[in-house]
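[1] when you get a sec, could you give me coordinates for this:
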Amino acid sequence: MRLVCDSVFGEADLTASAAELSRLATTVADGAGLLSSTALPGGRVLAGIEVRTTPRRGVLLRLDAERQVMVISGGSPGREAFADNLRRIACAPGRGQLHVSHFPGHPYLVEGSLSLVVYSPYGGLCTP
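    As a prediction, this is how the structure comes out:
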């Protein structure tokens, strides 16, 4: 798994194998855990992803700059919806990318969240 953050644009890019995305989905649904990222020299690669359970209904994605990890926190309904999206991209060839960005009325992401692009391990273009 490789997680690169662009703090200027407030976005992170996640590239992972199907197994790694499935493991992330399980961790998000469970609400606790820390997954490591592969470090690359000279890059903006984060150390990993930490998942936390909070009483908040929605999901907040944020950068912990001091520890260089992305923190995913929220209540069970929001985390489960996010985990379902991660499972879909992990299991569906040709899905392309999953863009997770807040907008008014977003089904699970709360305002102030870091945007995340998750790349399909199978490549390809997005299909409806």
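
[2] please identify the buried residues of the lengthiest helix in the chain?
    When the chain is scanned for its longest helix (criterion: DSSP state H), the result is helix 76-91. Neighbour-count burial for helix 76-91, counted by 16 or more other CB atoms under 10 Å, picks out 78-83, 85-87, 89-90. In this view, the C-beta of every residue, glycine as well, is placed from N, C-alpha and C.

[3] show me which of those residues is closest to Glu20.
    Of all these, Glu20 sits closest to Ala90, with 8.2 Å by CB to CB.

[4] name the nearest residue to that closest one, ignoring sequence neighbours.
    Leu21 (3.5 Å; CB to CB, 6 or more residues apart in numbering).

[5] distance check, that neighbour against Glu66.
    Leu21 sits 26 Å away from Glu66, taking CB to CB, to the nearest Å as the criterion.

[6] please say which of the two ends up with more neighbours.
    A direct count of neighbours by other CB atoms under 10 Å for Leu21 and Glu66 places Leu21 higher, at 24 against 6.

[7] does that one touch Ala92 like I think?
    No: counting by CB atoms under 8 Å, Leu21 does not reach Ala92; the two are 10.7 Å apart.

[8] so the host helix or strand of Ile49 versus helix 76-91, what angle?
    Under the criterion of DSSP states H and E, Ile49 resides in strand 48-53. Relative orientation of strand 48-53 versus helix 76-91 (axes from the mean of the first three to the mean of the last three CA atoms, to 10 degrees): 140 degrees.
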